[in-house]
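Chemist: compute the structure for the input listed below.
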Amino acid sequence: MPKLEAPINLLEQFLPEGTYKKIASFFRDYPIHLSITHDRLTVLGDYRNPVKGENVHRISINGSLNPYSFLITLLHELAHMLTFIKYQHRVQPHGAEWKHIFGMLLSRFMGKGVFPQDVEEALQNSLSKITASTCSDPNLYRALKKYDRRKKMMRLVEDVPFNQNFQTHDGRVFQKVEKLRTRFRCKEVNTGYIYLFPAIAEVKMLGSTC
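Modeler: Numbers count the residues shown, from 1 in each chain. This is a model prediction of the structure:
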């Protein structure tokens, strides 16, 4: 979708039911410029601190995310904002200070029926090891992917049958060959070269070669 300079009331359609009022309070209390963007492959959300001469915090979120991923990503970026307000540039972007604030924000939505049970359990487990991205926690990533709006042809590499072809986002075609400890060995069809894919890489299913 094209980039949308989002009026705050539009947020409700992207969030899980019953969470809008809590999220809207941040936009009343802080000067935040929110953008809902097209589907970016390498980033789910982004935070930009105010530049010299203005006081606006800029947050962008992928509009294609499912409601639970959208909420978690937005809380991730709000945690960056609150960390910047308190510490400026004196701490690491995903250091202990940010992890503490992100965990506190997440806890406001836990145990209240906001998330499906499998996502709630994965979030509970991840709170003790908060990372820079939901993609860094395979169990949370898997749980969230079940609720994506994406086409049914999209799969995680771990779910692609062996000897079946799949296509990556850049159009290259691979055949799944062998499982290693945490990755899969896959052969590029056009070149025969072998590449290693993370189990949770998202790809497009193609026809079987058998």
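
Chemist: what about Ser95, how many neighbours?
Modeler: Careful, residue 95 is Gly and not Ser. If you count neighbours by other Cβ atoms under 10 Å, Gly95 ends up with 12. No exception for glycine: its C-beta is placed from N, CA and C like everyone else's.

Chemist: ok now stretch 15-26, how far from the chain's centre?
Modeler: Relative to its chain's centre, stretch 15-26 lies at 18 Å (Cα atoms, centre = their mean, to the nearest Å).

Chemist: list the contacts of that stretch.
Modeler: 8, 11-12, 32, 67-68, 70-71, 74, 78, 108-109, 112-115 (Cβ atoms under 8 Å, 6 or more residues apart in numbering).

Chemist: from the residues you listed, which shows the smallest pLDDT?
Modeler: Lowest pLDDT among these: Ile8, with 73.

Chemist: which residues sit in contact with it?
Modeler: 24, 27, 34.

Chemist: show me the protein divided up by domain.
Modeler: 4-145, 154-208 (automatic domain parsing).

Chemist: that older thread, which one of the contacts of stretch 15-26 is nearest Tyr87?
Modeler: Comparing these against Tyr87 with Cβ to Cβ places Leu78 closest, at 14.8 Å.

Chemist: Ile23 and Gln124, how far apart?
Modeler: 21 Å (Cβ to Cβ, to the nearest Å).

Chemist: these two: which is more packed in?
Modeler: Ile23 (22 against 14).

Chemist: chain center to the lengthiest helix in the chain: distance?
Modeler: With secondary structure taken from DSSP state H, the chain has its longest helix at helix 67-87. Relative to its chain's centre, helix 67-87 lies at 12 Å (Cα atoms, centre = their mean).

Chemist: name the helices or strands packed onto the very next helix or strand once past that helix?
Modeler: Counting by DSSP states H and E, the next helix or strand C-terminal to helix 67-87 is helix 96-107. Applying 3 or more Cβ pairs under 8 Å, 6 or more residues apart in numbering; DSSP states H and E, one finds that helix 96-107 contacts helix 67-87.

Chemist: tell me the angle of the helix it packs on relative to helix 96-107?
Modeler: Orientation check (axes from the mean of the first three to the mean of the last three Cα atoms, to 10 degrees): helix 67-87 against helix 96-107 gives 140 degrees.

Chemist: touching helix 67-87 from outside, list them.
Modeler: 14-17, 19, 23, 26, 30, 32, 44-47, 49, 57, 59, 61-62, 65, 91, 93, 97-98, 101-102, 105-106, 109, 114-116, 119, 123, 133-134, 144, 147-148.

Chemist: where along this structure do the helices fall?
Modeler: Using DSSP H, the helices of the chain run over 20-29, 67-87, 96-107, 117-126, 138-145.

Chemist: now render those helices as a markdown table, adding distance to Leu196.
Modeler: Formatted as a markdown table, the helices of the chain follow (distance: least, Cβ to Cβ, whole Å):
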| stretch | distance to Leu196 |
| --- | --- |
| helix 20-29 | 39 |
| helix 67-87 | 26 |
| helix 96-107 | 29 |
| helix 117-126 | 25 |
| helix 138-145 | 15 |
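
Chemist: leaving out chain neighbours, which residue sits closest to Pro50?
Modeler: Excluding the flanking residues, the one nearest Pro50 by Cβ to Cβ, 6 or more residues apart in numbering is Val56, at 5.7 Å.
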